Each structure stands twice: as structure tokens, then as C-alpha cells.
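Engineer: Structure for the following, please:
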Amino acid sequence: MDIEFNKNDDEMRQLIFQLETKLKRVKLGGGEKKIASQHKKGKLTARERIDYLIDDPKEFLEFGAFVGDGMYEEYGGCPSGGVITGIGTVQGRTCVIAANDATVKAGAWFPITAKKQMRAQEIAMENRLPIIYLVDSAGVFLPMQDEIFPDKEHFGRQFRNNAKMTSMGIIQVAAIMGSCVAGGAYLPIMSDEAAIVDKTGSIFLAGSYLVKAAVGETIDNETLGGATTHCEISGVTDNKFPNDEACLDYIKSIFDKVGAFEQAGFDRSDSKPPKLETEEILGLMPTDRVKPYDVRDIIKRLVDDSEFDEYKEKYGQTIVCGYARIDGWAVGIVANQRVVVKSKKGEMQMGGVIYSDSADKSARFIMNCNQRKIPLVFLQDVSGFMVGSRAEHGGIIKDGAKMVNAMANSVVPKFTIITGNSFGAGNYAMCGKAYDPRLIYAWPTAQIAVMSGASAAKTLLQIKVSSLKAQGKEITHEEEKELLDEITARYNEQMSPYYAASRLWVDGIIDPRETRNVISKGILAANQSPITEKFNVGVIQT
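Structural biologist: Numbers count the residues shown, from 1 in each chain. A predicted model of the protein is given here:
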């Protein structure tokens, strides 16, 4: 192995160590004291409940772990958005699970909590997966009620999703394992079945203090909305249980008896590990985002038996397309190529840039995958579309539109892994979050922004300097450099994959060696949802 490989490997391992360290911190939720307080009340934590419920905790595919990271610091933060979400197997049945983390502000809903909960519901709806709600929440975080309550994608949307999922025949089961207050009370009761834990679980539209203020009635919370009240008097909940474990055992028994549903029928053969070592990705992938590498080297360390059947290999070479298998699943791969290549006309083309021929090839390949019912995997390391007179005269906008149209209208499931750069319209064309990938994860090397940090910082600096000059203010060379450094630091922070993950622009950040596993679990989930739409790209200029 050469010096560059070893350097890349060392730097990538450092990034992975940072990732693992951050994950350990995030998984503590509100901290060890809050966890101890949960245990003292006889309650499991949200993560302990999930581990107890699912068949194999090691196989839980979490999404949104870094949601809320660095946000709401004035309120003490909101690790994981105060709710744990992911895909797991319960009695052999693939399910989405959403568990409120009561160690974080008593499980109260911040704006990002609602966004994350609705992402869980979206994944359940797209893949027609059962969803299990483990409810333990104090309701809306009142200091931020104006940012969570009234708008279309705010708190109330989850109840609309409850109703829609019921009409779609998607199983919804809820366990009330702590507080369930106000509008949040509708979430479990709009589910198919609602279990409740005695003494620790409670559900009501208004707690005892608000009842006293509103109607003058004096009553304790247990009598008002505890397990006995709702299982024996109101009939709001279905069954009560003495502790968390018994309640979760009951949910297991429900899924032990669920019948089989129609599947999509994506092709899967026996899984084979790559012939080339997946571990070598760490040395092949430069952490310096301007350095070239051949994406085929990455692909062949992700796919079964390292076999990759490339499509139009010598045409449109800044995007590599081809067929392969990942953990046995047939996939179509669309990947940005980072090496400098020659076009069919003998022109040199920059790596990571989408040219007209690459966009045209990709559109045709995406259409083929839809025709053949093959899921699509996008490996994003893109600087954007080519610009300049030659590109414009060659119709780059038209060819880019073809690619975006084909990708946006795909009816086969799409999965996106952002391995490196994700800039500008390249993010869109390569199936960014706005284009409904079933799952979208980033490597620690990812950078997501409208343009590169260097380009953006210089542009923003020019705007700032021009504004100061317009005000009659002069700026020295030293002040200009200081301003540039400040702008660059702020912009680079916003390009970080952690910044993206905290806002749910991506579902999470993963060790590159976990990529096969994430894609395989995503396709397994997608296979539970039959394709009912026909692929139709509408009007495309040719």
C-alpha cells in the first residue's frame, strides 16, 4: 500500500473514532443522572425499551441519532431530538419504532422532534411497515410552541399521518409507558391498539393542574388518566401491564401472530461478501475533498463478489452507472466519478462534475432500472453541473433536466449515500433529501452545501466588502483576511455532515464499512411495499 493510502486510512479512522465518540455521548440522552431517575421509577429508558422489544438489538438501524445536535443550547440541548427512531425486527416482522426519550426534557416535543417523528411515519408509509410508538412525553415544549404547533409540517401532522396509515392498512401499535398529554394523547389512541403501563403510564387531554385551573375540579393524575381509569372506566386503552417488560412482551405477542402481506418482489440471491476487502475503502477514500479517486474501487468493495456490470462505460464518464448485488439484492448504482476523464470528443472532463453526456447516460440508466424493477443506489460525491459557454451551448440544462426528471419520477425505491461532496444542483440530481430517497446516510467525509466552502467564502466576502464600501468604509488587507477566515469557519461548520444530520437533511452518519448493511436493510424494508405506480417521466425534451 502506498503512502497516500495509509494517510487516507489513518485520517478516515480518526473521523470514524470521532463518529463513535459522538454516538456514545448522544446515546446517553439527558445524561446518566436522568437515566438513573428513570430506573428509580421502575422504568426502562427509551433505548432499553427498544433493545428489549426487538429480536436483535445489534441489527437495529437507527435514523436521526444526531438530530438536534448543537441545537436549542439555550434550553440545555435536545439529544436525538428527544425521540429514538429506527427500523428493527419484532418477532421476525420488520417494523419502524419511535420511542420518546423521557431523559430529555421529560420527552417534550421540540420543533425538530416533530420533524423526526414524521420522518419515522414517512418511512413506515413509503415502505408499508408496521410502526410501534413507545410513548413517554410531556407534550409540546411550551417555550417554542409557535414553532411546533400550527403549521402544516408541525406537531398536528402526525395525527393526520395516523389516520392516513390506518386507511392504508399499515399496522400501528402504541405503548403508553409514561406521560401522554394534551394533543399527544391522540397519537396512541389513533393507533390500532394501545397498551398502558400501570402507575407510570397516564393519558389525558389536560393534567390535574390544568383541570383545576380550567374547571375548578380537584383530582390527581392517576385517577384522572391512569391505567385503571382508561382500561376499566373509559375504555380508551386496551390492556394494562404491571411494568415496561410485560407491556413490551404483549407487543411481541401481537407481532408473533401478524399474517404475511404482499411484497414488492425485488430480486435477491444468496449474499456474497465482496472479493476485495471492504476495509480498504478507508484507505481509498481521500478525506481531502479535492483529491481524485476512482469510484469503481469503492463500488467493488461494496458489492457482492466485487462484480459490477457497468453501463455505457466509455460514455458520460463523470458518472459511473451499473448493475450489481448488495447482500444478495439486485441494485442499480449511480455514482459520481472523481477522476479526470476524456469525453468522447477527446475533451478533458473534471471529476465530480456532471456533464451533458453523463446526465443523459444516467437518465437512460434510471429508466432501465425502473423498467426492470431494480432498486437504485446513489453514491454522491458531486461538485455540481458543468458551467460555462461550452456547457450551456451544449444544452447542459436540458440534459440535467432529463436526469432530474427520470430520478424524481422513479417508482423503484432509491437509496442515497453521500460519500463526499454534495453541492448545488448535483445534490438534487443525485437524489438528495428533496427527492424522497427511502434512506439517505452520509459518510464522515461528506460535505453538503450550495457550493464548496472556498467558493462560497470568497463570494460572501466580496458581497460583505462591497457592502462596507457602499457605506463609505475602507477595509484593510488584514481585516479582509480576518473576515474571510470568519466566513470560512462559519460556512465549513454548516457543510459538516453533523450539521446536516442534526437537521435531518440526512438520516444519519455511518462508518463506510456499514454501507452494505444499511442499503440491504433499506431494500428489505422497501420490499414490504408493492409498487403500484407506473413509471412515467412526463414530457422530456430530447
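Engineer: only C-alpha atoms for contact and neighbour calcs from this point on.
Structural biologist: Noted.
Engineer: which helix is the longest one in this structure?
Structural biologist: helix 3-26 (DSSP state H).
Engineer: counting contacts, what elements does that helix pack onto?
Structural biologist: helix 281-284 (3 or more Cα pairs under 8 Å, 6 or more residues apart in numbering; DSSP states H and E).
Engineer: following the helix it packs on, which helix or strand comes up?
Structural biologist: Scanning forward in sequence from helix 281-284 by DSSP states H and E, the next helix or strand is helix 295-299.
Engineer: Quick one: mean pLDDT over that following helix.
Structural biologist: Taken as a whole, helix 295-299 has a mean pLDDT of 98.
Engineer: Listing partners with orientation, what would you give for the helix or strand following it?
Structural biologist: Counting by DSSP H and E, the element after helix 295-299 in chain order, helix or strand, is strand 309-311. Applying DSSP bridges, strand 309-311 is found paired with strand 319-326 (antiparallel).
Engineer: tell me the mean pLDDT for the strand it pairs with?
Structural biologist: For strand 319-326, the per-residue pLDDT averages 98.
Engineer: Convert the C-alpha atoms of that strand to PDB, please.
Structural biologist: Provided in PDB are the C-alpha atoms of strand 319-326 (Å, rounded to 0.1, in the frame of the first residue of the first chain):
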ATOM      1  CA  ILE A 319     -20.900   9.400 -13.700                       C
ATOM      2  CA  VAL A 320     -20.500   5.600 -13.300                       C
ATOM      3  CA  CYS A 321     -23.600   3.500 -13.700                       C
ATOM      4  CA  GLY A 322     -24.100  -0.200 -13.500                       C
ATOM      5  CA  TYR A 323     -25.700  -3.300 -12.000                       C
ATOM      6  CA  ALA A 324     -24.600  -5.300  -9.000                       C
ATOM      7  CA  ARG A 325     -25.800  -7.100  -5.900                       C
ATOM      8  CA  ILE A 326     -25.600  -5.900  -2.400                       C
END
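Engineer: Just give me how far it sits from the chain centre.
Structural biologist: 22 Å (Cα atoms, centre = their mean, to the nearest Å).
Engineer: So what touches the following helix or strand past that strand?
Structural biologist: Per DSSP H and E, the first helix or strand lying C-terminal to strand 319-326 is strand 329-336. With contacts defined as Cα atoms under 8 Å, 6 or more residues apart in numbering, strand 329-336 is touched by 266-269, 271, 295, 318-325, 351-354, 362, 366, 369, 374-382, 430, 520, 523.
Engineer: Following the chain past strand 329-336, name the next helix or strand.
Structural biologist: Trace forward from strand 329-336 with DSSP H and E and the next one is strand 341-342.
Engineer: who are the neighbours in contact with K7?
Structural biologist: G283.
Engineer: And it, how close does it get to P286?
Structural biologist: 9 Å (Cα to Cα, to the nearest Å).
Engineer: Give me the secondary structure label for the spatially most distant residue from the centre of the chain.
Structural biologist: No residue in the chain sits farther from the centre than G472, which is 47.1 Å out by Cα atoms, centre = their mean. Following DSSP: H, G, I helix; E, B strand; the rest coil, G472 is assigned to coil.
Engineer: Likewise for C180?
Structural biologist: Three-state assignment for C180 (three-state DSSP): strand.
Engineer: Could you check how many residues crowd around it?
Structural biologist: As a burial measure, C180 scores 26 neighbours (other Cα atoms under 10 Å).
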